[in-house]
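Novice: just a sequence and a predicted model for now, questions to come.
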Amino acid sequence: MTHGEACFAFLVSLIATVVAFVFSVRERHLEPEYTNSQIKALLEEHVHSERDRAIAYDKLANKVTFEALAEKYNLSVRQTKQIVSKCRSIVFKHLG
């Protein structure tokens, strides 16, 4: 490998690392930190489906995995992700 190729490979690796870091930081800061009681109150106020509230609360407050939620509620992982995403949108729309 020539010096130029080695430099190029290093830069590609560095860029990939920076991009991964930026996305991980961005993901952690997408929603502010709320207490479990605040999350529960927001969900109760704005999400009408009891099942959807329970799923969203388990994910947002208790950090239950999507796989465990899917098994617990007899849904697909995709369905649980959609429910949590919908509930997040509803709640945070009313906050901002």
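Specialist: It's in.
Novice: these two touch, right, Q79 and F66?
Specialist: No. Using Cβ atoms under 8 Å, Q79 makes no contact with F66, being 9.5 Å away. To be clear about C-beta, it is placed using only N, CA and C from the backbone, and glycine gets the same treatment.
Novice: out of the two, which sits in the more crowded spot?
Specialist: F66 (18 against 15; other Cβ atoms under 10 Å).
Novice: which residues touch the more buried one?
Specialist: Residues near F66 by Cβ atoms under 8 Å, 6 or more residues apart in numbering: 59, 77, 80-81, 84.
Novice: which of these tops the neighbour count?
Specialist: Highest neighbour count within the contacts of F66, by other Cβ under 10 Å: T80, with 25 neighbours.
Novice: how is it assigned, secondary-structure-wise?
Specialist: Here T80 is recorded as helix under DSSP: H, G, I helix; E, B strand; the rest coil.
Novice: nearest spatial neighbour of it, skipping sequence neighbours?
Specialist: Sequence neighbours aside, L69 is the residue nearest to T80 in space, at 4.3 Å (criterion: Cβ to Cβ, 6 or more residues apart in numbering).
Novice: next: V47.
Specialist: Leaving out its chain neighbours, the residue that sits closest to V47 by Cβ to Cβ, 6+ apart is R53, at 4.7 Å.
Novice: the one you found touches E45, doesn't it?
Specialist: No. Counting by Cβ under 8 Å, R53 stays clear of E45, with 9.9 Å between them.
Novice: so which of the two has more stuff around it?
Specialist: Taking other Cβ under 10 Å, R53 and E45 do not tie; R53 has more neighbours (19 against 11).
Novice: out of the contacts of F66, flag the one nearest to N36.
Specialist: Nearest to N36 among the contacts of F66 is K59, at 12.0 Å by Cβ to Cβ.
Novice: mind listing residues that contact the host helix or strand of L42?
Specialist: Element membership for L42 (DSSP states H and E) is helix 36-46. Outside helix 36-46, the residues within contact range by Cβ under 8 Å, 6+ apart are 34, 53, 56-57, 60-62, 87, 90-91, 94-95.
Novice: show the buried residues in the residues you listed.
Specialist: Buried subset of those (neighbour count, 16 or more other Cβ atoms under 10 Å): 53, 56-57, 60-61, 87, 90-91.
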